[in-house]
Structures are given as structure tokens and as C-alpha cells.
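In: Please find the sequence and the predicted model below.
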Amino acid sequence: MMVIRPAQTNDLEDILELAAAAGTGLTTLPNDPVRIKDKIVSSIKAFSAEIDVPGPEYYFFVLEDTQKQKVVGTSALVAAVGMDEAFYTYKLSTVVNTSQDLGIYNKHQILVLGNDYTGCTEIATLFLSPDYRGGINGRLLAKSRFMFMADFPERFADTVIAEMRGFSDEDGKSPFWHSLGKHFFNMPFAKADAISGLGSNQFIAELMPQHPIYVNMLSEEAQEVIGKVHPKTKPAISMLKREGFRYQNYVDIFDAGPTIEAPKDQIKTFRASKLMEIKIGRPHMISDTPPEPLMVSNRQLKAFRTAIVESDFEGEILYVDETTLKPLDVNEGDLVRVVRLRNKPSK
């Protein structure tokens, strides 16, 4: 069975294997035992803390193949970004310059450096082992975070964001960085992105130009990739858009990848989930359609678990096989949170 749960210190070796497989593209999952251990320890503290309002808490989840007792995926939530270190983005805006005497009207797009997303919740650190891709594992890994938000909404902000990887070519070259960032940072794109991934953003304030950047002064290649994702990121952004995330003209300052956002209570998985009582038994065949894959969370904080169960979504009872109870850490009669994995509309 595949189960989502909080990361623990004894997961370190498995997570480092995943970090090595992820390479340099995922800066929030570094192949560094000290930094990964720090993330796990920080996460354990977050799951144990009493929270009145969202802060810089970092919730680190893993996907475990319980049959092999091996961690095969990671994901995370940052409860409120920008609380410890400034969270920078570019806002794509428009300015108009007009000369009535000359009869000239010019409209320009500009990039304005800012911290507009400070205090928002961020979804991050999504990575699934190549051996486990395909099927439903990726959706379980990504959507389980919204189940956790639904179980503990007070721990998260009203707006949820996701920074998507921007376009780069097969050699890892970012046209946007080549046209803009490299002139101010005097370091390779990968190094600047990695430093930012550490949460160390003071260098951005020190080196990045504070004045608006006129887009038409960038190279044509750079202009074309503003708000565009890396080809490998297209499935991820498509899934999030189906959840209700939208691009609102905010982009990453290094590669111009889009930052997308959604109101927490309008995320489909969050909104469509409901509480059901779990019981041992076969699903009631209410219709001619067979049981469907449902995502189920146990609604516990420190011992949070989410898994896929084949059952019916109708009614108030979730019938499951007895072997499902232990991986989910629930007992018969407990209330669990349930949602359709494919976000089908309720009848």
C-alpha cells in the first residue's frame, strides 16, 4: 500500500536517494544530509506545535511503499512564506507613456520586484521516484497536501501558491536569466537558484535592481519565456490548474517561471472532501459503476496518514477491507476525510 505520512529522521537515507535522483532542478530537496535532516527536524517540530496563526512552519511529507518499507516520494507545505526571509517575485504590470503634442501612445510591460506573497502558504518539494511514476502515485503525493489543509485549515493562510519551474533548454540554459539575472549576480543560474532554495534571500535585496525592468529591453528569447514552465513541469501545472490554481502575472525572479495561486477554500480537493465513518465491509453498490479510487486521510496531526482506498463516495459510511485500517492508523468507527481522487463532481 502507498501511504503519505510525515517525514521522520529514519527516512534520511531514502530521502537522500530521492534528492540524488532529482538532481539540481529541485533546490528545496538538496542532496545534502545536514540540510535534509534539518528539514525533517523542523517538520517534526511543526507537526507538534500548537498553532494559532500560520507562521514559517515547514511540513515535510513522504510517500511510503509500505510493502517495501521504503520512501519513494516527497512533498511539503510552508505555512506562511516570507516570515523569516523575504519572498521575492516579479509582478508583470503595464505602464503607459503618452505625448499629446507628438500624438504618441506607448504601452509597455514592466517587471516590478516585490514581496506581495508574504504570508501565503506555499506547496513545495514535490518529487516522485522515477520507478513509481505513472498511475495514481503522483496525484496522491500532490493532492494529499490539500487533504492536510482541509483537516487543519487554521494552520494555513487563505491564499495558497506554487512556484513553477521556468523554461530552460536541454543544456539547462535559462533565456530569462541570461538576459537579466546574470548581469547582476555574477554567478551561474544554478548557483543563484540553489542559494535562494536555501531560504537565504538577502543577496537578492543586495544585488537585484530595485527599479522596474522594461520587458522590451530584454532579449526576444527572454520575453517569450516569461510565465512559461519547463516542459517537464507541464503535467504538474495542469494538475494544479484543475485544482483551481491560476496565474496572476507573478513570475520567479531567476527563470521567470509562473507563480500560481488559489484561495485555500476553493481548491477542489479541499472543497470537495467530506467526513465519513469508516467501517469494515464491502462497498455498497449503489449504482452500476464499480468502487472508485478515493483518497482518505485519518485526520490526525502528528500521525497523519493518507492513502488510496477503493470504495464508494456516496453516503456517510466508507466501507473498507480490514487490512486498510493499520496503514491508515484508524479504527472502525473513526471519522475520516474522503475525496474522489479524480475530482469528479458529486451527484
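Out: The structure has been received and is ready for your questions.
In: The residue nearest to residue 14 when sequence neighbours are not counted: helix or strand, and which one exactly?
Out: The shortest distance from residue 14 to any non-neighbouring residue, by Cβ to Cβ, 6 or more residues apart in numbering, is to residue 71 (3.7 Å). C-beta coordinates here come from the backbone N, C-alpha and C atoms, glycine included. Element membership of residue 71, judged by DSSP states H and E, is strand 70-78.
In: Need the residues that contact that strand.
Out: Under the contact criterion Cβ atoms under 8 Å, 6 or more residues apart in numbering, strand 70-78 has outside partners 2, 4, 7, 11, 14-15, 18, 28-29, 39, 43, 56-65, 121-129, 131-132, 137, 141-142, 144-145, 148-149, 156.
In: Quick check: buried residues in whichever helix or strand comes after it?
Out: The helix or strand immediately downstream of strand 70-78 is strand 89-99, counting by DSSP H and E. Of the residues in strand 89-99, those buried under the neighbour-count criterion (16 or more other Cβ atoms under 10 Å) are 89, 90, 91, 92.
In: who does strand 89-99 touch, helix- and strand-wise?
Out: Under the contact criterion of 3 or more Cβ pairs under 8 Å, 6 or more residues apart in numbering; DSSP states H and E, strand 89-99 touches strand 104-114, strand 246-251.
In: So what does residue 281 have for phi and psi?
Out: Note on residue 281: backbone dihedrals following degrees, to the nearest 10 are phi 160, psi 180.
In: Verify the contact between it and residue 322 for me.
Out: No - the pair residue 281 and residue 322 fails to qualify as a contact (Cβ atoms under 8 Å) at a distance of 9.2 Å.
In: list the contacts for residue 37?
Out: Taking Cβ under 8 Å, 6+ apart as the criterion, residue 37 is in contact with 9, 12.
In: One more pass at 10 Å, please.
Out: The neighbours of residue 37, taking Cβ atoms under 10 Å, 6 or more residues apart in numbering as the test, are 9, 12, 15, 16.
In: Does whatever helix or strand the second one lives in pack against any helices or strands, and if so which?
Out: Put plainly, it is residue 12. Remark: residue 12 resides in helix 12-22, with elements defined by DSSP H and E. The contact analysis (3 or more Cβ pairs under 10 Å, 6 or more residues apart in numbering; DSSP states H and E) places helix 12-22 against helix 33-48, strand 58-65, strand 70-78, strand 121-128.
In: which residues are in contact with it?
Out: With Cβ under 10 Å, 6+ apart as the contact definition, helix 12-22 has outside contacts at 7, 11, 26, 28-33, 35-37, 39-40, 60, 62-65, 69-74, 125-131.
In: could you flag which of the residues you listed are buried?
Out: Those of those that meet the buried threshold are 7, 11, 26, 28-31, 36, 39-40, 60, 62-65, 70-74, 125-129, by 16+ other Cβ under 10 Å.
In: Run through the bridge partners of the residue nearest to residue 14.
Out: residue 64 (DSSP bridges).
In: Next one, pLDDT for it please.
Out: Here the pLDDT value assigned to residue 71 is 97.
In: repeat for residue 281
Out: Turning to residue 281, the model gives it a pLDDT of 87.
In: pLDDT weak spots in this protein?
Out: Across the chain, the stretches falling below the confidence threshold (pLDDT under 70) are 23-25, 196-202, 205, 284-289, 343-347.
In: and the one residue sitting closest to the centre of it, what does it touch?
Out: Central residue check for the chain by Cα atoms, centre = their mean: the C-alpha nearest the mean position is that of residue 123, 2.7 Å away. Residues in contact with residue 123 (Cβ under 10 Å, 6+ apart) are 75-78, 142, 145-146, 149, 160-163, 240, 243, 245, 260, 262, 267.
In: These in strands, which ones?
Out: Applying DSSP state E to these, the entries found in strands are 75, 76, 77, 78, 160, 161, 162, 163, 260, 262.
In: Now render these as a markdown table, adding distance to residue 22 and neighbour count.
Out: Formatted as a markdown table, these follow (distance: Cβ to Cβ, whole Å; neighbours: other Cβ atoms under 10 Å):
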| residue | distance to residue 22 | neighbour count |
| --- | --- | --- |
| 75 | 12 | 25 |
| 76 | 13 | 21 |
| 77 | 18 | 24 |
| 78 | 18 | 27 |
| 160 | 23 | 27 |
| 161 | 21 | 22 |
| 162 | 17 | 20 |
| 163 | 16 | 21 |
| 260 | 21 | 23 |
| 262 | 25 | 21 |
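In: Out of those, flag the one nearest to residue 252.
Out: Top of the list for closeness to residue 252, among those and by Cβ to Cβ, is residue 163 at 5.9 Å.
In: contacting residues around the closest one?
Out: For residue 163, the set of contacting residues under the criterion of Cβ under 10 Å, 6+ apart consists of 28, 81, 87, 89, 117, 122-124, 250-252, 255, 257-260.
In: rerun at 7 Å
Out: Under the criterion of Cβ atoms under 7 Å, 6 or more residues apart in numbering, the contact partners of residue 163 comprise 252, 257, 259.
In: which of the residues you listed count as buried?
Out: 252, 257, 259.
In: give the contact list for the second one.
Out: It stands for residue 257. Under the criterion of Cβ under 7 Å, 6+ apart, the contact partners of residue 257 comprise 163, 164, 165, 166, 229, 251.
In: neighbours around the last one, how many?
Out: So that's residue 251. Using other Cβ atoms under 10 Å, residue 251 has 24 neighbouring residues.
In: Specify the beta-bridge partners of it.
Out: Checking residue 251 by DSSP bridges, which sets the bridge assignment, gives partners residue 90, residue 258.
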